[in-house]
Every structure is written in C-alpha cells, then in structure tokens.
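Chemist: Got a predicted structure plus its sequence, pasted below:
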Amino acid sequence: MSLKPFLAVLLLFGILSCNTNRYHPIEISGKRIPIEETVTTDTAIQNFIKPYSVHINKTLDSALAYNPTNLSKTDGVLNTAIGNLLADLVMEQANPVFKSRTGNNIDLVLMNQGGIRSNIGVGPVTARTAYQIMPFENEIVVVEITGTKLEEMLSYLEKAKTAHPLSGMKILVDQDFKVLEATVNGEKIDRNKTYFVATSDYLQQGGDNMIFFKEPVNIFPVDYKIRNSIIDYFSKVDTLNTGRDNRYIQKQGNN
C-alpha cells in the first residue's frame, strides 16, 4: 500500500491546523413572517388543542365575584379605588403566610400604579380579570426596612405625585405634595424602628426608581404571585367592596 495518499492527508491537516484565520459572518439578515389570514390553518393542530382551549377558557371565564362599580386607576389623584383594592388584598392574602413563617405582621403595602394594566368593569369578575389586571409573573416579597428608608419612600411619593397602591399607611400632603403627616398603623414613623413592607419583586429590585427597597435589612420571599393573590381574593368574596378614602390625600385650603 502506497504511503503517498496518507502523507498528503497529514500534510493538509498540518497546514489547516496552523491556519490562525478566524471566520465570522459578515451579514445577518432576518425576515418577518406575519401571522394573518393568508397563513394556512393546520386542521390537525387545531383539533388537537381545541379541548385544552375550551377547558382553559371555561376556567378563566367562570365568575368568581361581582363588581358593582367601574374601577379605574385614573379615578383619583393620590389614591384610587382599584389601587386601594390591590394593596388591601395583597395585605390580606400575604400577611397570614408571612406571619406563619416569621411571627411578624406586614406593616404596610406599596405597589406601583403602572403595574395595574386594566380597569375592572361592572359585572362578574373572573380569573381572566386577574390576568388582565396583572399580566406579569411578579411575586410578593416582604422587605424589612428602617424608618429612615421609609422617609426616603415618602420623598419618592412627594416627587411621584401618583396614586401608587398603598395600604397600612396614611399620608397627608400640602398643595405642593410635600408630606405634612405620615403614620403607619396609626403611629408616626420612628427612624429607630424597622418596618415590614410588602411589595413586588420588580419594585424590590428598584423598578420604577423605588431604590429605597434595594438594600433592605432583610428580605422575605412569600412565594405568592400577585396575580394568584388577586384570584384567591376574588374566589373568597361575593362582591368587591372598595373605594377612594383618606389613606393618601392632599390638604385642601388653609384648614
């Protein structure tokens, strides 16, 4: 057997292995393929998923409770009925879990108005309603923060001038939105104390510039999605009962 072919292969391999050139694409292109009426329907796939689709839609659209009035996140300057509902139900649903694990109670709740993605219209409320309000996978977390950090939170709210959902706290501001009074569970804020604040994991990471949550004394995951807390709350009440109140208001006139 001749060694020439074998030696030729070895020589070629040696040449290629010594080549230090690096190859890379000079152009990457993409094409958008729209999903429209011209796309042919696959009947077999439709028939396969239809039973699951029917079951999911039935589950999502089953009435859980009744809402007697339209709830919108724009119906108030500093607090809204839907925002109060969200903050209060997070408090109600998360506190038993938190207390069973730590022996402590949640002092207050702060969420963000932008996280509310839908109104709640008059009529039956369903699991689909909860998905429309909260389409994200955000979870409830409880942070332990100092009274000083709580004052930073108040400074944030002064600048925001927004109806962020709030529970467990009362705030009175002047015509320029500067805080005149603020209490937690009826008591003035104590810089030497720490407070347990329920919020979303998104806000705890500094979302919406809520940086006062980023470095807490402690953080306690509740393992409870906000959306699931909404569904659980809807499931246990007959009628939604909420409204605007005096938890976060602006002083009127000189009185």
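Modeler: All right, it came through fine.

Chemist: any idea which helix or strand of the chain has the worst average confidence?
Modeler: Of all regular secondary-structure elements in the chain, judged by mean pLDDT, DSSP states H and E, the least confident is helix 4-17 with a mean of 56.

Chemist: So for the next helix or strand along the chain from that helix, what gets flagged as buried?
Modeler: Proceeding C-terminally, helix 4-17 gives way to helix 43-61 as the next helix or strand, assigned by DSSP states H and E. Of the residues in helix 43-61, none is buried by neighbour count under the rule 16 or more other Cβ atoms under 10 Å. All C-beta atoms are positioned from the backbone trio N, CA, C, and that covers glycine.

Chemist: Could you name the helices and strands sitting against helix 43-61?
Modeler: Here helix 43-61 touches helix 127-133, going by 3 or more Cβ pairs under 8 Å, 6 or more residues apart in numbering; DSSP states H and E.

Chemist: With just CA atoms, put the helix or strand just after the helix it packs on into PDB.
Modeler: Sequence-wise, the next helix or strand downstream of helix 127-133 (DSSP H and E) is strand 139-146. Extracted C-alpha coordinates of strand 139-146, given in PDB (Å, rounded to 0.1, in the frame of the first residue of the first chain):
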ATOM      1  CA  GLU A 139     -44.400  37.800  43.100                       C
ATOM      2  CA  ILE A 140     -45.000  39.400  46.500                       C
ATOM      3  CA  VAL A 141     -41.900  39.900  48.700                       C
ATOM      4  CA  VAL A 142     -41.700  41.500  52.100                       C
ATOM      5  CA  VAL A 143     -38.800  43.800  52.900                       C
ATOM      6  CA  GLU A 144     -37.700  44.900  56.300                       C
ATOM      7  CA  ILE A 145     -36.600  48.500  56.100                       C
ATOM      8  CA  THR A 146     -35.600  51.200  58.500                       C
END
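
Chemist: packing partners for the following helix or strand past strand 139-146?
Modeler: Proceeding C-terminally, strand 139-146 gives way to helix 147-160 as the next helix or strand, assigned by DSSP H and E. For helix 147-160, the packing partners by 3+ Cβ pairs under 8 Å, 6+ apart come out as strand 169-173, strand 179-184, strand 194-200.

Chemist: what about the stretch 151-255 of the chain, any weak spots by pLDDT?
Modeler: By pLDDT under 70, the weakly predicted segments of the stretch 151-255 of the chain are 254-255.

Chemist: Let's see that with 90 instead.
Modeler: Applying pLDDT under 90 to the stretch 151-255 of the chain picks out residues 252-255.

Chemist: contacting residues around the closest residue to residue 167 other than its chain neighbours?
Modeler: Counting by Cβ to Cβ, 6 or more residues apart in numbering, residue 167 lies nearest to residue 87, which is 3.7 Å off, once chain neighbours are set aside. For residue 87, the residues meeting the contact criterion (Cβ atoms under 8 Å, 6 or more residues apart in numbering) are 109, 110, 111, 165, 166, 167.

Chemist: phi, psi of residue 87?
Modeler: phi -60, psi -40 (degrees, to the nearest 10).

Chemist: any idea how far residue 65 is from the residue lying closest to residue 66 once chain neighbours are set aside?
Modeler: Excluding the flanking residues, the one nearest residue 66 by Cβ to Cβ, 6+ apart is residue 239, at 5.0 Å. Counting by Cβ to Cβ, to the nearest Å, the separation of residue 239 from residue 65 is 6 Å.

Chemist: Have a look at those two and say which one is more surrounded.
Modeler: For residue 239 and residue 65, the more surrounded residue by other Cβ atoms under 10 Å is residue 65, and the numbers stand at 17 against 9.

Chemist: Make sure I have this right: the more buried one is in a helix.
Modeler: No. The assignment for residue 65, made by DSSP: H, G, I helix; E, B strand; the rest coil, is strand rather than a helix.

Chemist: so it touches residue 124, yeah?
Modeler: Yes. At 7.5 Å, residue 65 and residue 124 qualify as touching, with contact defined as Cβ atoms under 8 Å.

Chemist: returning to that earlier point: against residue 69, how distant is the residue nearest to residue 66?
Modeler: In this view, residue 239 and residue 69 are 10 Å apart by Cβ to Cβ.
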